[in-house]
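Colleague: Have a look; sequence and predicted model below, questions after that.
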Amino acid sequence: MENREKTVTDRPLIYNKLVRDLIPEKIAQSGKFSSMGTLDSPAFLDALRLKILEEAHELFHADARENIINESADLHELIAAILKQHGIQWDEVFSRQIVKRQEAGGFDHQLMLHATASSKKIAESSDREAHLPQLLTFNSLTGLVDVIKRELLDADALHIASAFYSRGMLNLLLNPFLEFVSRGGKLRLLTSVMGNFNNPHDFLHLSSQITEIAIRIFYPLNEHGRADFNQQPPPFHVKSLLFEKPTGQHSIIVGSSNLTGSGLARNHEWNYFSNSETNLLLKHNLSAFQYALQEYESYWNESSVPVDDRFINAYLPRWEKAHELRTVVTKEMDKAFQTSLEPRPAQITALQSIAERRKQGVVRTTVIAATGLGKTYLAAFDFKQSGMRNVLFIAHRENILIKAMRTFREVMKDNAFGAVLSGLRKPTQLDSSLFAMVQTISQSAFLAAYAADAFDYIVIDEFHHAEATSYQRVLDKFKPKFLLGLTATPERMDGRNVLKICDYDVAFETRLFDAIENRWLVPFQYFAIHDPTNYSSLRWTSRGYLDSELDDVLMNDTRAEFVFNNLQKFLPSTGKIKALAFCSSKNHAEYMNRKFNELGTSIGMRSSCLLGQDSIEDRERAIQQLQDEKDNLQIICSVDIFGEGVDIPAVSHVLFLRPTQSFTVFIQQLGGAYGRCRKRITLWLWIS
């Protein structure tokens, strides 16, 4: 004890010298502690306490030796001032330090005194900065959803306050929430009826998916403890998440994001995350976390109502009326924002590249672009800028041709531009621009009616088909000034290379994921759902699985119910489900359609089946019904008819219900359906 006692008596001399010599010089140089005016003792003490947080923060970030000395000197000066205010001597502090070291240990061997969960987490994390207090923005490396998932891992309660809620958030957080409550976590949501925005059906869906969650609606109660639903409650605009930890090192996220899919992942939002200073006891000897939780409990117990029949019956009519009005206003605003037809950024780049090639003498080129980037519009824009006399647009389906002709007429501003040539339609003038089915124009009688130079400009849509004999007959016949091939997937399953038709020249290439990265297409959500189906016993041939054997495996009632339940689990952010189900065969499509209708009867959901033999009129009718919010058609089962030439702007889900070993087939179906969707949220469900 002799050495230790000597240390106690010696160390104040050292620190007094530090205070006497180093600190005044440091203060004189920096002016950091310049006078802010004379304060009374309580105010001065409060100012010192706040200042010590600032200086501790600067010491926290100091790295160079000189900086560490300087910031430590600042901190010691503040401590000395606080001790003086309370009449405490330095030797009392050092004596207490020795006692605490004996009882609990010290930092000599990198041992944390009373290590908190957050300090241990930061020490063990490969990304230490991710756990520090920080502002989460649209451009943050760590996203808001990632922080929520991480904080749930060591929390035992999550208290959410959000003015607005939408079921789109479940597609991001459903599984983490389910895992959280399954291990005993307490999950609460306090939301509102502000602006009659929240869909009451969404509350019921949330409760059905997470049965352990408690949901209440902000609605101040009267003296009898009941809410008056004839009166609109005051605005409730709180957005926060309070993570309660058993360690006492609680964390909080507060900011601008509501508990919606857009608020969590797509909007430009600011949210502040902290698991440190929000636990400091400040105002009224409460931490910011404790103060927030105290107010949350007050809202929950004294100013909210449960989502019961009384609330639903009162609120549902108001929501329906508001929703109808918002729909009308949205459509009108969409019209107001419609601008003149101009090329998009991706199209501008492609047009410049094509024009440059034409200037260099290139007569055949290809554009490889994901579905949804507007390849047909691109062809029309380029034809217009080329100044050529006429165009021959070739495709393998009449509905593609009709839409292409409308596009060219829109771009050329000529409602009489071009004519369709198909089995049922014949043009009246041979020298006009033509939109022709390859099956028709490749016939000898039609080819003989045209001269080799009848068309200046030829467009071949879905260019990956151009190796077929019918296309080759057309290409051998005509000698245009310029030929443009359009495709999203030039790769063919038979290994043949269609690019040689255009002398391997590619003017522009942007695949699906590149287009999403460039924000030319909206991102999609992809859910890989485990499928217990065993394919190992099936025979594999050069053309894939045998349809008859595959049908026996896929046409399974348990599997069909599994698909249906997952479809109900992951809903679009708004509106009804609008799903395309890709099946393996005609029998499989008809079976899934039948099962979907059986399972959906009780909830008013209807399915339809479209096959190759169905007319264009039948297909168009079903597509319109699928997109109509008031129609109960929510699923279309099909086989290989939605990969190309289909425009369904409102589609919300794509179900891959068939296995495939072909990346080309997968991308064609993925891009064919997704690229033509115009919604901000598109949900992808993989079951196979």
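Modeller: Right, received. Where do you want to start? Residues are numbered from 1 along each chain as shown.
Colleague: Run a quick neighbour tally on residue 175.
Modeller: 13 (other C-beta atoms under 10 Å). All C-beta spots, glycine's among them, are computed from the backbone N, C-alpha and C.
Colleague: Okay, buried residues for stretch 407-423 please.
Modeller: Under the neighbour-count criterion of 16 or more other C-beta atoms under 10 Å, stretch 407-423 has 407, 408, 409, 411, 412, 417, 418, 419, 420, 421, 422 buried.
Colleague: Pull the most distant pair out of the residues you listed.
Modeller: Across those, the longest distance by C-beta to C-beta is 21.8 Å; it joins 411 and 422.
Colleague: how far away is residue 335 from residue 628?
Modeller: 19 Å (C-beta to C-beta, to the nearest Å).
Colleague: Turn the buried residues of stretch 407-423 into CSV, including secondary structure and distance to residue 297.
Modeller: Below are those laid out as CSV (DSSP: H, G, I helix; E, B strand; the rest coil; distance: C-beta to C-beta, whole Å):
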residue, secondary structure, distance to residue 297
407, helix, 59
408, helix, 64
409, helix, 64
411, helix, 62
412, helix, 66
417, coil, 68
418, coil, 69
419, strand, 72
420, strand, 69
421, strand, 73
422, coil, 70
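Colleague: Let me have the residues you listed in JSON lines, extended by pLDDT and distance to residue 514.
Modeller: Output for these, formatted as JSON lines (pLDDT from 0 to 100; distance: C-beta to C-beta, whole Å):
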{"residue": "407", "pLDDT": "95", "distance to residue 514": "23"}
{"residue": "408", "pLDDT": "96", "distance to residue 514": "27"}
{"residue": "409", "pLDDT": "95", "distance to residue 514": "30"}
{"residue": "411", "pLDDT": "95", "distance to residue 514": "25"}
{"residue": "412", "pLDDT": "94", "distance to residue 514": "30"}
{"residue": "417", "pLDDT": "94", "distance to residue 514": "32"}
{"residue": "418", "pLDDT": "93", "distance to residue 514": "32"}
{"residue": "419", "pLDDT": "92", "distance to residue 514": "36"}
{"residue": "420", "pLDDT": "92", "distance to residue 514": "33"}
{"residue": "421", "pLDDT": "91", "distance to residue 514": "35"}
{"residue": "422", "pLDDT": "88", "distance to residue 514": "34"}
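Colleague: Of those residues, which is the nearest to residue 232?
Modeller: residue 407 (47.9 Å).
Colleague: partner strands of the helix or strand hosting residue 526, parallel or antiparallel?
Modeller: Element membership of residue 526, judged by DSSP states H and E, is strand 525-529. Within its sheet, and counting by DSSP bridges, strand 525-529 is paired with strand 683-687 (parallel).
Colleague: how about the strands of the stretch 51-200 of the chain, start to end?
Modeller: 134-136, 157-162, 186-191 (DSSP state E, counting those that start in this stretch).
Colleague: Export those as TSV, with columns for mean pLDDT and distance to residue 578.
Modeller: Shown next, in TSV, are these (pLDDT from 0 to 100; distance: least, C-beta to C-beta, whole Å):
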stretch	mean pLDDT	distance to residue 578
strand 134-136	93	32
strand 157-162	98	26
strand 186-191	98	26
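Colleague: To residue 536, which of those strands lies closest?
Modeller: Residue 536 lies closest to strand 186-191 among the strands of the stretch 51-200 of the chain, at 40.1 Å (C-beta to C-beta).
Colleague: got the CA coordinates for whichever helix or strand comes after that closest one in PDB?
Modeller: Proceeding N to C from strand 186-191, the next assigned helix or strand is helix 200-209, under DSSP H and E. C-alpha atoms of helix 200-209 as PDB (Å, rounded to 0.1, in the frame of the first residue of the first chain):
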ATOM      1  CA  PRO A 200     -57.700   0.000 -42.300                       C
ATOM      2  CA  HIS A 201     -57.400  -3.200 -44.200                       C
ATOM      3  CA  ASP A 202     -53.600  -2.900 -43.900                       C
ATOM      4  CA  PHE A 203     -53.900  -2.900 -40.100                       C
ATOM      5  CA  LEU A 204     -55.900  -6.200 -40.300                       C
ATOM      6  CA  HIS A 205     -53.400  -7.700 -42.700                       C
ATOM      7  CA  LEU A 206     -50.500  -6.700 -40.400                       C
ATOM      8  CA  SER A 207     -52.200  -8.300 -37.400                       C
ATOM      9  CA  SER A 208     -52.800 -11.500 -39.400                       C
ATOM     10  CA  GLN A 209     -49.200 -11.800 -40.400                       C
END
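Colleague: where along the stretch 251-400 of the chain do the strands fall?
Modeller: Under DSSP E, counting those that start in this stretch, the stretch 251-400 of the chain gives strands at 251-255, 271-274, 304-306, 364-369, 391-395.
Colleague: Nearest to residue 290 among these would be which one?
Modeller: Of those, nearest to residue 290 by C-beta to C-beta is strand 251-255, at 10.4 Å.
Colleague: So what are the sheet partners of the closest one and their directions?
Modeller: strand 239-244 (antiparallel), strand 271-274 (antiparallel).
Colleague: Count the neighbours of residue 229 for me.
Modeller: The burial count for residue 229: 16, using other C-beta under 10 Å.
Colleague: phi, psi of it?
Modeller: The phi/psi pair for residue 229 (degrees, to the nearest 10) reads phi -70, psi -10.
Colleague: now residue 405
Modeller: Given degrees, to the nearest 10, the pair of backbone angles that residue 405 has is phi -60, psi -40.
Colleague: With the one 10 residues further on instead?
Modeller: The main-chain torsion angles of residue 415 are listed as degrees, to the nearest 10 and equal phi -70, psi -10.
Colleague: Which residue, neighbours along the chain excluded, lies closest to it?
Modeller: residue 409 (5.6 Å; C-beta to C-beta, 6 or more residues apart in numbering).
Colleague: List the residues that contact the one you found.
Modeller: Residues in contact with residue 409 (C-beta atoms under 8 Å, 6 or more residues apart in numbering) are 415, 416, 417, 418.
Colleague: try it again with 10 Å
Modeller: Shown in contact with residue 409 (C-beta atoms under 10 Å, 6 or more residues apart in numbering): 380, 415, 416, 417, 418, 433.
Colleague: swap in residue 311?
Modeller: Here residue 311 is in contact with 193, 200, 203, 216, 217, 219, 227, 229, 305 (criterion: C-beta under 10 Å, 6+ apart).
Colleague: State the distance from the last one to residue 372.
Modeller: Going back to what we said before, that points to residue 305. Distance from residue 305 to residue 372, by C-beta to C-beta: 44 Å.
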